[in-house]
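# Give me coordinates for this.
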Amino acid sequence: MNRTLLKQNLNPSSGGRLLEALLCVLTSAWLIFQCVPEIHHYATSSLWTDEIYSVTAFTSQGFIHCLTDWHAPNNHMLFNALNSLFPGADSLNPLRMRLLSMVFVALALAIAFVAHGRKGHWLTALLVCWVLIGSDAMLDVSFTARGYGLLNLFALIFCLLVPLYTATWKPVYLVLLSLTVVLGSWTVTSFVFFGGPVLLFLFLLKRNWQTLIAGGATLAAILAIYVPPYLKVLKRPEFQDNFFPGQFHELAAPLKAIASFFPMGNNLLVAGILLAGMAVFPVLFWYLQRESSSGNKGPAETTRQDHAEFLSMALLAAGVLSAYAIALILKRPLFRTTAYLLIPLTIVWGESLFRLLRAVRWKPALVRAAVTLAFVTAIVFQTHARTQGRRLLPIEAWGEMVDVLERLNLLEKPYYGVGRPDTLYLHFPGAPPETIPQLDESAFQSGKLVVVDSGPPPEDGSRFEGRKITGRAVDLTVPQLRWEYQRISFVPPDRQGVADLSVREKPGTDSHRTFEVHATLTPGKAGCGHLFLYSPNNDSRKPPKVKWLTMAGTWRTLKDERIHSVTEELWELDLTELNGASESGVTELTFSYYIRAPMPDGPALKVWCPEEE
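Model (predicted):
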């Protein structure tokens, strides 16, 4: 890079440039801070089907297996191979399996800021940061234990190498470009739709042996990686008719793919503007560069730099358009396999805006700062709207289901499964549970059988409901993003540990009805350690409020933090600490809770202890 240009871009004496840098750095730091809940969520929530399949079929089988087995188009070869090198490669622990993806996202953020910041292109760095972590959909693909986070990293590196090559034409950058295409395609095959055309356009531009060899070597390497396992797959009849699922079946599919992952909330109009702007910007680049050259407004080196920038942006834009065109022709890729294209699209936008703003003659630094402030304001408002009142749910709640079963002491009972129970049983601690092939209604009614509904609902949307078999049953829903929820159905012990129960309705509001419950617990040496309260009409946003309890013959209040939500319908009251403070333990308690209206027949309330002390 030209040192004079670098000093101009980073000159701290320019108040506008300093303000631009501060705005972008602080906003990016704020975006990362806003992602902390998501990071915790992905570190603790269950893996979903594709991730579990990656672990059981590939990562757990070792490094060589990951690089040679493509018996289904679900093996992100390079990512799974790298993930298999670390201890616990057969684990379903979400933090262990997703940590590598999180590292790749962090690397991409750091590289974007270092690469663009050292040139003074702070707005581009901010926009890339926003695209990487500013939408729930992009976080879903980037943070999961799949190859998409690594794919985004390769896309970013490729986009940074293109202008380096067009500015210097050094063979080393061409080699790195070819290597990046190979590694990206080794991770997810759709990367070749973008990187391959860019290498082809470089050959058509230069028409020399270097670009010809680079393109040929890249193609040969990708064929060597995929053709042998691909031929094995073609021999399997179950994959011949529908080998790859696809979403690119209409001309609007590229816009839908962009809208699905861009942070502006699935807006097709915004997607169209982004795609059209990316196609038009290189033309503006060329026009401004021609005007600058004809007017002799700068040194020859600056003109060459402008020409290199024009070429790099034109190549990236052509690569993105080619990738979407290939996807439309093939009709096969899924939208998530093309999410990485938002990175070159964003870089073309950011660099083009920088170039256009650089052409401004009236106080250009302040104008750049004003434009940056406008983008910062939009990003802050969009991020605030996205994160306000959000509820983070797992894609599939396998581990969360097991946690509920464990808290209810149901892991040792026999199970009947609906949907995909085998995936659920993989998450059981120790050996899988005893299962039965058909539903035994008598065993269910007697409380000796647990039913789990863990699969996609039938076409009519129905789910298993234990209350249709017996009114004593409890149906618990564990929410998730895919298929809405999973369900646990069982018959709890009939008021076990509860000697007497009375319910009195209190004056409520139009939207809720309020009930006051008085429970007398069965006397025991240590009392009831955990009390469960179940109501299918309970509003999870308003937990039961314990008003007072009796311990050693004395009424006293109880802090609400002792009440824990198990599911939306079930609450657990932890009395173990209080029981330990008295020989008789807790003997009575009164609490109030809310249900959604209308409820003409009153609450379907169940209160019990998991076991009698």
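
# Next, work out how far apart F444 and L156 are.
54 Å (CB to CB, to the nearest Å). Just so you know, the C-beta spots here come from the backbone N, C-alpha and C atoms, and that holds for glycine as well.

# Oops, could you answer that again for G417 instead?
Here the criterion is CB to CB. By it, G417 lies 43 Å from L156.

# How about P364?
Taken as CB to CB, the span from P364 to L156 is 27 Å.

# quick one: contacts for the closest residue to H76 other than its chain neighbours?
Among residues not flanking H76 along the chain, G147 sits closest, at 3.0 Å (CB to CB, 6 or more residues apart in numbering). Residues near G147 by CB atoms under 8 Å, 6 or more residues apart in numbering: H76, M77, L78, F79, N80, T187, V188.

# Now for L160: which residues touch it?
By CB under 8 Å, 6+ apart, the neighbours of L160 are I111, A115.

# need the next SSE after whichever strand or helix holds it, C-terminal direction.
Here L160 sits within helix 148-168, counting by DSSP states H and E. Using DSSP H and E, the helix or strand that follows helix 148-168 towards the C-terminus is helix 171-187.

# distance of F261 from L501?
F261 is 51 Å from L501, by CB to CB.

# more neighbours, those two?
F261 (25 against 14; other CB atoms under 10 Å).

# which intervals of the protein have sub-threshold pLDDT?
Applying pLDDT under 70 to the chain picks out residues 1-16, 71-73, 229-245, 285-303, 507-513, 523-528, 537-562, 577-586, 593-604, 611-613.

# what's the burial count for W608?
There are 22 residues near W608, going by other CB under 10 Å.

# quick one, helices of the stretch 201-350 of the chain?
All helices of the stretch 201-350 of the chain, identified by DSSP state H, counting those that start in this stretch, fall at 209-234, 237-240, 253-261, 268-294, 300-330, 342-358.

# Give the closest residue to M264 in space, chain neighbours not counted.
Distance criterion CB to CB, 6+ apart; nearest residue to M264, sequence neighbours excluded, is V270 at 4.6 Å.

# wait, what's in contact with the one you found?
By CB under 8 Å, 6+ apart, the contact set of V270 is A259, F262, M264.

# Might you report the residue contacts of Y324?
Taking CB under 8 Å, 6+ apart, one finds F248, A253, P254, A257, T338, L341 in contact with Y324.

# Let's see that with 7 Å instead.
By CB atoms under 7 Å, 6 or more residues apart in numbering, the residues touching Y324 are P254.

# Across the sheet, point out what pairs with S592.
Beta bridges link S592 to E516, K545, judged by DSSP bridges.

# so it makes contact with E505?
No: applying CB atoms under 7 Å, one finds S592 not in contact with E505, separated by 10.3 Å.

# Spit out the residues that contact the two alike.
Shared contacts of S592 and E505 (CB under 7 Å, 6+ apart): F515.

# one step back: which of the helices of the stretch 201-350 of the chain sits closest to E20?
Smallest distance to E20 across the helices of the stretch 201-350 of the chain (CB to CB): 9.8 Å, for helix 342-358.

# and the closest one, which residues are buried?
Neighbour-count burial for helix 342-358, counted by 16 or more other CB atoms under 10 Å, picks out 342-355, 357.

# Can you tell me which of the residues you listed is nearest L481?
Distances from L481 to those, taken as CB to CB, are shortest for L342 (21.0 Å).

# tell me the contacts of that closest one?
L342 sits next to V131, I258, F261, F262 when contact means CB under 7 Å, 6+ apart.

# what packs against the helix or strand encompassing L139?
Assigned by DSSP H and E, L139 falls within helix 136-143. Contact here means 3 or more CB pairs under 7 Å, 6 or more residues apart in numbering; DSSP states H and E; on that basis helix 136-143 packs against helix 94-117, helix 122-133, helix 148-168, helix 253-261.

# Out of those, the one nearest I213 is which?
The nearest among those, by CB to CB, is helix 148-168 at 14.5 Å.

# Tell me the gap between the closest one and the middle of its chain.
23 Å (CA atoms, centre = their mean, to the nearest Å).

# can you pull the alpha-carbon coordinates of it into CSV?
C-alpha atoms of helix 148-168 as CSV (Å, rounded to 0.1, in the frame of the first residue of the first chain):
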residue,chain,number,x,y,z
TYR,A,148,-20.9,-21.6,7.5
GLY,A,149,-18.8,-19.6,9.9
LEU,A,150,-15.7,-20.9,8.3
LEU,A,151,-17.2,-20.2,4.9
ASN,A,152,-17.8,-16.5,5.8
LEU,A,153,-14.2,-16.3,6.9
PHE,A,154,-13.0,-17.6,3.5
ALA,A,155,-15.3,-15.2,1.7
LEU,A,156,-13.9,-12.3,3.6
ILE,A,157,-10.3,-13.4,3.0
PHE,A,158,-11.0,-13.8,-0.7
CYS,A,159,-12.5,-10.3,-0.9
LEU,A,160,-9.4,-8.9,0.7
LEU,A,161,-7.1,-10.7,-1.6
VAL,A,162,-8.7,-9.6,-4.9
PRO,A,163,-7.8,-5.9,-4.5
LEU,A,164,-4.3,-6.9,-3.4
TYR,A,165,-3.8,-8.8,-6.6
THR,A,166,-5.3,-6.2,-8.9
ALA,A,167,-3.1,-3.5,-7.3
THR,A,168,0.2,-5.5,-7.6
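
# So which of the buried residues of helix 342-358 is the closest to P479?
Nearest to P479 among the buried residues of helix 342-358, counting by CB to CB, is L342 at 28.7 Å.

# picking up where we left off before, and R495, which of the helices and strands packed on helix 136-143 is closest to it?
The closest of the helices and strands packed on helix 136-143 to R495 is helix 94-117. By CB to CB, the value is 37.2 Å.

# for the closest one, packing partners?
If contacts are counted by 3+ CB pairs under 7 Å, 6+ apart, helix 94-117 sits against helix 36-44, helix 77-83, helix 122-133, helix 136-143, helix 148-168.

# List of residues touching the helix or strand following the first one?
So that's helix 36-44. Going down the chain from helix 36-44, the next helix or strand is helix 49-57, by DSSP H and E. The contact list for helix 49-57 (CB under 7 Å, 6+ apart) reads N74, N80, D90, L92, M97, T144, A145, R146, E396, T423.

# Separate out the buried members of those.
For the contacts of helix 49-57, a burial check counting by 16+ other CB under 10 Å picks out N80, L92, M97, T144, A145, R146, E396, T423.

# before we move on, back to that, closest one of the contacts of V270 to E465?
Taking CB to CB as the measure, E465 sits nearest to A259 out of these, at 37.0 Å.
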